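> this is the structure alone, sequence omitted:
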């Protein structure tokens, strides 16, 4: 991918006093002017003569990185880190990206970890820390498409695209004028123009022809999109209007968005730039919402967090435009988000190298729901995504037929267009329900009118409701495979909260909320362990000494017995069936006696305490092991049998 995102770059100055100073100064000038191809040749010659420096290897790496040659960038970023000197955190991220391009995902994750440690507030670091198992997620999303060469690719760069009637409008660096070819110093390729190709009945692209000259200029044009009536086109062009080229403060010609109107059969005119463009930042790669009322695009305008972000702007009924808005931190990162595309079902596809991917730009997608909220970001997986740049994804949501662009190995040019058929849709339409019943933990009596609140994983309130007369609550339209928290509140009861992870398929997930009374009435025969929700007093394996976490639980029993000086308690210890019955009986008895000893040591008279171990003789379920000492029960079932009881024998 060459000129897909021409944006402001952070260029570091070079200061040195080496013998190659003259050559480096010349290369720096070319680098600062974005003439990366020329700069690479000079930098390489200097490096080949043994010159090493952080600045040299950074610029060599960057020259390849910004030309999407991640394999060569990997080589020079590797040299950079081999110097063992401190570099900016951004280089840890770029090196990780290039490591993915050579398939070294383990080392890439090591550098992403270092990057996230150095820049914890960076969106990319947050996304990585929250999704360490992202490769498994990508694998799960993979295999949904069947891809093929689109049939239109040349030895030059061909990319992007939009549907227009029966045609496909794409961008190409091929030259069909027969005149002398003017090349761009950034890429060493011809300037880009828009072309139209026919889509054959088999879905291949045939018969490419340039769009008319009122759209194609002597500079770059790319990334067109058309309104549904076919009368308006939005497209990207260098800052060139009415025959005049304009630049930013550093004399760089950036990108702007333009609008053209239909003039006759497939002719376009009345080309005007959009009002939110600027000479000081780029706007590029337009996309339209299903109703043609919102324009999406990529830009590094003020308000961006990265090299390019996805923005949207309202198209008013009178043809004016609203104020551009960023799509926000869920999508945009400090790297590149670009090439948006919106389907008729309000799915936004975009390319990013800041979200977690397989290397270079990957294609991602989010679903925009009717209430304006969005699903989580999905990596669409392979075969669309590869270890190189993959971008400009578009799909017909009805036929599931579409195209995307890539500079992966095996293509014909720098970038190539591939066609695909989506066979399995992404799971963002997966919706879950979280439901349950609020009931007294001890009496099992349902609690009508309890307040139930649903939170997201960051503890932001999503919804609140009152349980019905049956104690039932129900939260609908939730995302699959996502963590939520449910909180229940009721008069005279302790507030209780639990986490719940929704399932991976459409359905219903139950959140259990064992709610208990604030004031617990106890009497002879009551179990203090149940009153204080003490499941078990934990001991180390095969031991009977009191652990620190066990003493915390025993402190509750201690305080009650001090509050009621005439209370007497029988301490009973139980085990599950795994081990011999003789062993379990002896071990549980030692644990009961250790529990009593702890309470006596902390001030309870010995004559107020009795107790013994019961081993596996009083199981609460059918998880016995005798005579084989084996059981097919689950761990949770065995856990129910490993319990401590504190039965009140006198008040």
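It's in. None of these values were measured; they are calculated from a predicted model.

> tell me where this structure has helices.
Residue ranges of the helices in the chain, as given by DSSP state H, are 21-32, 36-48, 54-65, 70-82, 89-101, 105-118, 123-130, 134-141, 528-531, 548-563, 581-601, 635-641.

> go through the fifth one and flag the buried ones.
What it means is helix 89-101. Using 16 or more other C-beta atoms under 10 Å as the test for burial, helix 89-101 gives 89-101. Every C-beta, even on glycine, is put in place using the N, C-alpha and C of the backbone.

> now do the fourth one
Residues of helix 70-82 classed as buried by neighbour count (16+ other C-beta under 10 Å): 70, 72, 73, 74, 75, 76, 77, 78, 79, 80, 81.

> mind listing what residue 47 touches?
Residues in contact with residue 47 (C-beta atoms under 8 Å, 6 or more residues apart in numbering) are 56, 57, 60, 76, 79.

> what's the spacing between the second one and residue 73?
Taking C-beta to C-beta, to the nearest Å as the measure, residue 57 and residue 73 are separated by 10 Å.

> also the first one?
Computed with C-beta to C-beta, the distance linking residue 56 and residue 73 is 14 Å.

> picking that back up, got the buried residues of helix 89-101 as JSON lines, with distance to residue 644 columns?
Shown next, in JSON lines, are the buried residues of helix 89-101 (distance: C-beta to C-beta, whole Å):
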{"residue": "89", "distance to residue 644": "51"}
{"residue": "90", "distance to residue 644": "55"}
{"residue": "91", "distance to residue 644": "56"}
{"residue": "92", "distance to residue 644": "50"}
{"residue": "93", "distance to residue 644": "51"}
{"residue": "94", "distance to residue 644": "56"}
{"residue": "95", "distance to residue 644": "54"}
{"residue": "96", "distance to residue 644": "50"}
{"residue": "97", "distance to residue 644": "54"}
{"residue": "98", "distance to residue 644": "57"}
{"residue": "99", "distance to residue 644": "52"}
{"residue": "100", "distance to residue 644": "52"}
{"residue": "101", "distance to residue 644": "57"}
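
> let me know the closest of the contacts of residue 47 to residue 141.
Each of those was scored against residue 141 by C-beta to C-beta, and residue 76 proved nearest at 32.0 Å.

> am I right that residue 546 is in contact with residue 552?
No. Here residue 546 does not reach residue 552: they are 10.3 Å apart, not a contact under C-beta atoms under 8 Å.

> so those two - more neighbours on which side?
residue 546 (20 against 10; other C-beta atoms under 10 Å).

> per-residue confidence at residue 483?
The model reports residue 483 with a pLDDT of 89.

> right, and it touches residue 500 too?
Yes. When contacts are counted by C-beta under 8 Å, residue 483 is listed as touching residue 500 (7.4 Å).

> okay, the two: which has more neighbours?
Between residue 483 and residue 500, counted using other C-beta under 10 Å, the more crowded position is residue 500 (20 against 13).

> now do the contacts for that one.
Residue 500 neighbours (C-beta under 8 Å, 6+ apart): 434, 483, 484, 485, 486, 509, 510, 511.

> do the same with residue 223
So residue 223 contacts 160, 162, 171, 235, 236, 284, 285, 286, 339, 392 (C-beta under 8 Å, 6+ apart).

> go again with 6 Å.
By C-beta atoms under 6 Å, 6 or more residues apart in numbering, the contact list for residue 223 reads 160, 236, 285.

> per-domain residue ranges of this structure.
21-120, 145-177+192-429, 431-515, 528-650 (automatic domain parsing).

> in CSV, list these along with distance to residue 126.
Shown next, in CSV, are the domains of the chain (distance: least, C-beta to C-beta, whole Å):
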stretch, distance to residue 126
domain 21-120, 8
domain 145-177+192-429, 8
domain 431-515, 11
domain 528-650, 32
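
> out of the ones you listed, which gets nearest to residue 522?
Nearest to residue 522, of the domains of the chain and by C-beta to C-beta, is domain 528-650 at 5.7 Å.

> ends of that closest one, what's the gap?
13 Å (C-alpha to C-alpha, to the nearest Å).

> run the chain-centre distance for that domain.
Offset of domain 528-650 from its chain centre (C-alpha atoms, centre = their mean, to the nearest Å): 46 Å.

> mean confidence for that domain?
Mean per-residue pLDDT for domain 528-650: 83.

> contacts for stretch 77-94, please.
Contact partners of stretch 77-94, identified using C-beta under 6 Å, 6+ apart, comprise 54, 57, 58, 61, 65, 95, 98, 111, 114, 115, 118, 119.

> could you find the closest non-adjacent residue to the third one?
When you say that, I think you mean residue 58. residue 80 (6.0 Å; C-beta to C-beta, 6 or more residues apart in numbering).

> same question, the last one
Nearest non-adjacent residue to residue 119, counting by C-beta to C-beta, 6+ apart: residue 89, 4.6 Å away.

> what distance do you get for the one you found to residue 309?
19 Å.

> likewise residue 599?
From residue 599 to residue 309 the distance is 63 Å (C-beta to C-beta).

> neighbour count for these two, which is higher?
Neighbours were counted for residue 599 and for residue 309 using other C-beta under 10 Å; residue 309 has more, 28 against 21.

> pull the contacting residues for that one.
Residue 309 sits next to 326, 332, 337 when contact means C-beta under 6 Å, 6+ apart.

> what are the bridge partners for it, then?
Here residue 309 sits in beta bridges with residue 299, going by DSSP bridges.

> what's the local residue count around residue 610?
Other residues close to residue 610 by other C-beta under 10 Å number 15.

> would you confirm that it contacts residue 570?
Yes. Assessed by C-beta atoms under 6 Å, residue 610 is found in contact with residue 570 at 4.8 Å.
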